[in-house]
Structure formats: C-alpha cells, structure tokens
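Novice: Can you look at this prediction? I've put the sequence above it.
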Amino acid sequence: MEHTAARDNVGMNEPALNPAVDEDPQSPGHEAEHPRRIRSFVVRAGRMGTGQVRALQDLGPRFVLPYTGRPTDWGSVFGRDAPRILEIGFGMGQATAAIAHARPEVDFIGVEVHEPGVGALLKLIGQGNLHNIRILQHDAVEVLEHMVAPASLAGVHIFFPDPWHKKRHHKRRLIQPALVSLLASRLCEGGVLHGATDWQPYAQQMLEVLGAEPQLRNTVGIDGGGYAPRPDYRPMTKFEQRGIRLGHGVWDLVFEKV
Ligand SMILES: C[S@@+](CC[C@H](N)C(=O)[O-])C[C@H]1O[C@@H](n2cnc3c(N)ncnc32)[C@H](O)[C@@H]1O
C-alpha cells in the first residue's frame, strides 16, 4: 500500500468512499459527543497474503494492542521508559519498520485501520526481530484522545496521509486545526511532528494549518518556503524515488512543540 497521489491522481480511499460507513451509529467511535465525526479513512476489505495472516496469528498477540479507550501505561507496554513516537496510518509499514530498526532507543506506536497493513508490519517486525513497535488497529484520532496522555510523545509521524483530492472530500483530510491541536497537546516540549505528502495542495494546507497552531514552531522557518529537507531517518519509498525521477515533488514538514 503506497501513497498514490502522483501515480494516479486518486487517493487510496477515494474510489471506495461510502458516506454510510462513517455515519453508521454502530461504527466504533460514533460516540454521543461526536455524533457525526468525519473520518479520515474508509475501512475496506483487503486481501491478506498468507505471510500476513501467519504474522497476525503468530505475532499479533504480542505486538497488537486492543483499543481500550483508556489512558495507557506505555512504559509497561514496552517494558521500558524510552521516548515514544506515534505514527498515524503506517500503510504497509515499510517506513515504520525501517525507522524502528534504525532507532532502537525509541519506541514506536503504529496506528493503522487497514488489516492487511497490520499483517504486513507484523511480518516486518518478525523479519527484523524488532522489539520497539506496538500496533493499534483503530482510528488514530481516538487513540490519541483516549489512550495517549498530554505531553507524553517525543514525536508524531504522518507520512503520505490520504490526500482526498476532491474538494467535497477535503473535510476528510487528517491535517485539520482540531487534530493538529490535539497532536500538539500530546507532544512533549521539543517533541516533533513530521508530516510528508506528495500532493502539493495538501502540502500547502498542512503548512497553513501547522503554521497556525500556536503550540508548534516550524523547525526550518518560513523564509525558504517552510518545507523541510527530508530528514535522513525517513526512508524514501520506491514509489517516491520513481516520482522524483519523473519530476514529482514530495514535501516534508517538520514542526516542533514550543
Ligand atoms: C495513503 S496511505 C499511506 C500509508 C503509508 N504512511 C505510506 O507512506 O505508504 C494512508 C494510510 O492512513 C490510514 N489512515 C487514514 N486515516 C487514519 C486514521 N484516522 N487512523 C488510522 N489510520 C488511518 C489509511 O488506512 C491508509 O493506510
């Protein structure tokens, strides 16, 4: 599951958009206080490879956490007190696994709703013998609201969030003022919010919304345009390499909690 904006000009979720899904009062998170929360995703049935199924069975019990909706003692979950980075929408988990491998001193909470992606990341966890990742298969907004304490994260990663190209779907984009304010509240002082996208209009929206959040500061300032060079720890995907050869852009945004 790779980001698709430049490839076919259609976000991975867009063709499957079914408003009935997120207006279903039975759907998780359809709480009284958010009677019509607009979700940034649509849960689709996806085909699982046999390796992913096996990884879910073998490694799921250890690495996938249930959504409890209650504050979580992450120190006991990971068995240590290390800086923690939460990733929203890890897709098939390649970047997550590569970064966790490169940064063993940091613990990673990967949140993704797409089950084949969960299986894929578990497979990578097994192959890489990684101990510093835990997974939640749930809406990241609810995880942040209910399971992550204020000022407790060293970082947040949001790589290639669904761009929701069509204007009428823009309200589904993850990067909106309310979510950014929630994210900023979960970061500790000096914590870093790192986003990346290959869809320029969304990059502009991210720059505006992140720039308007008083708890955050753009680490590169705005004089050079406000976009950051890709930090070394974010691996370039194959798709991104090809896109760059073809002249497509990728924009990284790196903001710090003040
Ligand atoms: C375009 S994909 C990008 C995946 C990956 N980060 C990458 O760079 O290839 C966006 C992913 O975000 C997930 N997603 C969107 N909104 C989410 C949310 N609120 N909570 C958890 N996952 C979400 C989608 O299921 C999808 O897999």
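Specialist: In hand now; what should we look at?
Novice: Would it be right to say that D81 lies in a strand?
Specialist: No: using DSSP: H, G, I helix; E, B strand; the rest coil, the assignment for D81 is coil, not a strand.
Novice: what number of residues lie near the spatially closest residue to it that is not a sequence neighbour?
Specialist: Using Cβ to Cβ, 6 or more residues apart in numbering and skipping residues adjacent in sequence, the residue nearest D81 is G75, 4.6 Å away. For every residue, glycine as well, the C-beta is placed using N, CA and C. Neighbourhood size, G75 [other Cβ atoms under 10 Å]: 12.
Novice: Can you spell out which helices and strands pack onto the helix or strand where G75 lies?
Specialist: Secondary-structure assignment from DSSP states H and E places G75 in helix 74-78. When contacts are defined as 3 or more Cβ pairs under 8 Å, 6 or more residues apart in numbering; DSSP states H and E, helix 74-78 packs onto strand 107-111.
Novice: cutoff 10 Å now
Specialist: If contacts are counted by 3 or more Cβ pairs under 10 Å, 6 or more residues apart in numbering; DSSP states H and E, helix 74-78 sits against strand 84-88, strand 107-111, strand 133-136.
Novice: relative orientation of the following helix or strand past the second one and strand 84-88 in degrees?
Specialist: Following the chain from strand 107-111 toward its C-terminal end, the next helix or strand by DSSP H and E is helix 115-128. Calculated by axes from the mean of the first three to the mean of the last three Cα atoms, to 10 degrees, helix 115-128 forms an angle of 140 degrees with strand 84-88.
Novice: pLDDT (mean, whole number) over helix 115-128?
Specialist: Averaged across helix 115-128, the pLDDT comes to 97.
Novice: One more: stretch 240-257?
Specialist: Here the average pLDDT along stretch 240-257 is 90.
Novice: cool, stretch 147-162 as well?
Specialist: 97.
Novice: Adjust the sequence numbering to begin at 28 for everything that follows.
Specialist: Will do, 28 is the new start, and the previous item becomes stretch 174-189.
Novice: Now do the end-to-end distance for it.
Specialist: Distance between the two ends of stretch 174-189: 23 Å, counting by Cα to Cα, to the nearest Å.
Novice: all helices for the protein, in order.
Specialist: 32-35, 46-49, 77-90, 101-105, 121-129, 142-155, 167-174, 204-213, 227-238, 265-272 (DSSP state H).
Novice: What residues does this structure have near the ligand?
Specialist: Within reach of the ligand by Cβ under 6 Å from any ligand atom, the chain has these residues: 28-30, 39, 67-68, 115-118, 122, 138-141, 144, 166-168, 186-189, 201.
Novice: Can you give the distance of the helix holding G102 from its chain's centre?
Specialist: Computed by Cα atoms, centre = their mean, to the nearest Å, the chain-centroid distance of helix 101-105 equals 20 Å.
Novice: Can you give me the buried ones in it?
Specialist: Neighbour-count burial for helix 101-105 flags 101, 105 (criterion: 16 or more other Cβ atoms under 10 Å).
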